[in-house]
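>>> Have a look; sequence and predicted model below, questions after that.
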Amino acid sequence: MKRKDIYLLAGLITAGLLIGLIVFFSGKPGNTVSVRVDGREVMTFSLEKEQEYEIQGEDGRYNKIIIRNGEVWMEEASCPDHLCMKMGHLSKSGQSIICLPNKVVIEIHGQENEVDEIAK
Amino acid sequence: MKTRKAALYGMLTALALLMSYVEAQVPAFFAVPGMKLGLVNIVVLAALYLLGPQAALVISLLRVFLAAAMFGNGMSLYFSAAGALLSGLVMILLKLKFHRVTVSIAGGIAHNIGQILVAMIVMETGMVAWYLVALWFSGLASGALIGILGNELVKRLEGPVTRFMKGDESL
């Protein structure tokens, strides 16, 4: 390891931290939850209202999301790895839960999206 | 000479395939898709230093297609191909000036970033920024671990492989 290696590694760590800071500080509390399957939006919910929703896919695939106390999480899923269930409880705008095997994306949108929803 | 080269390419491709099989057996205990140990990269790193950039890319991409055909699911081919390609190119470029461990770390990050870029396109979402951070640091950590292991491996194999390629019959 030479000095230039150290510089490059320091640069990589700094870049990662910078991305982290940007993502963290651009995270405002969200207020709507959108559910997309295979790229198409199928549902939107308010993050404030308690809700349970089951997404039925082909071949008996399903995902169940729960919205409670301003948080959304994946309660159940038919996918083999259950990664989506391990993504935790989300509440900030821009966060998302992705279930790749079932092509399900749960996204939280912030204030600016509310205007869009009303405009629709 | 040609036969020896073909034998080494074949062996390394088989090893890389084996590594990705082993890794596929590890239960997904990481909370972020795409987070991996990157065992395959030990083989790619060895190929890069023992046989050159061309070998590293060929073996890495062959591994991706074979793994996808044998135990992949639909989308996984695109993710791993993008990751392997970006990581391969970054490592080839950095190899010119940097230490093996540094090369491996940058390759690890590049692999994860390549994957997530394709994920953003496939899932048609720009909201994977959170994963970007997690994958950036997991790539850094696994790249460091793999780099240290790969470095030791290359040190020990450099001599024998050079002699083998020159046609030393005693090996």
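Looks like it came in fine.
>>> residue boundaries of the helices in the chain?
Using chain A. Along chain A, the stretches classed as helices by DSSP state H are A:3-25, A:111-119.
>>> my question was about chain B
Under the criterion DSSP H, helices of chain B are mapped to B:2-25, B:40-50, B:53-71, B:76-95, B:100-122, B:129-166.
>>> and the helices of chain A, which is most packed in?
Mean neighbour count (mean count of other CB atoms under 10 Å in any protein chain shown) peaks for helix A:3-25 among these, with a mean of 14. Every C-beta, even on glycine, is put in place using the N, C-alpha and C of the backbone.
>>> Mean pLDDT and mean neighbour count added to the helices of chain B, as TSV?
Below are the helices of chain B laid out as TSV (pLDDT from 0 to 100; neighbours: other CB atoms under 10 Å in any protein chain shown):
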stretch	mean pLDDT	mean neighbour count
helix B:2-25	90	15
helix B:40-50	94	26
helix B:53-71	92	19
helix B:76-95	91	21
helix B:100-122	89	24
helix B:129-166	90	18
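>>> want to try JSON lines for those helices, with distance to chain A as columns?
Compiled in JSON lines, these are given as follows (distance: least, CB to the nearest CB, whole Å):
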{"stretch": "helix B:2-25", "distance to chain A": "11"}
{"stretch": "helix B:40-50", "distance to chain A": "15"}
{"stretch": "helix B:53-71", "distance to chain A": "12"}
{"stretch": "helix B:76-95", "distance to chain A": "8"}
{"stretch": "helix B:100-122", "distance to chain A": "4"}
{"stretch": "helix B:129-166", "distance to chain A": "4"}
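>>> want to throw the ones you listed into CSV with distance to residue A:38?
Putting these into CSV (distance: least, CB to CB, whole Å) gives the following:
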stretch, distance to residue A:38
helix B:2-25, 24
helix B:40-50, 29
helix B:53-71, 20
helix B:76-95, 15
helix B:100-122, 10
helix B:129-166, 19
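>>> So for residue A:36, which of those helices sits nearest?
Within the helices of chain B, the stretch nearest residue A:36 is helix B:100-122; the backing value is 12.2 Å (CB to CB).
>>> The closest one: how far from the chain's middle?
Here helix B:100-122 is found 10 Å from its chain centre; the criterion is CA atoms, centre = their mean, to the nearest Å.
>>> ok, now stretch B:156-163?
21 Å.
>>> Figure out which of the helices of chain B is closest to residue A:13.
helix B:129-166 (7.0 Å).
>>> can you pull the contacts of the residue sitting nearest the centre point of chain B?
Within chain B, the residue whose C-alpha comes closest to the C-alpha centroid is residue B:41; the distance, by CA atoms, centre = their mean, is 3.1 Å. Residue B:41 makes contact with B:87, B:104, B:107-108, B:111, B:142-143, B:146, B:150 under the criterion CB atoms under 8 Å, 6 or more residues apart in numbering or on different chains.
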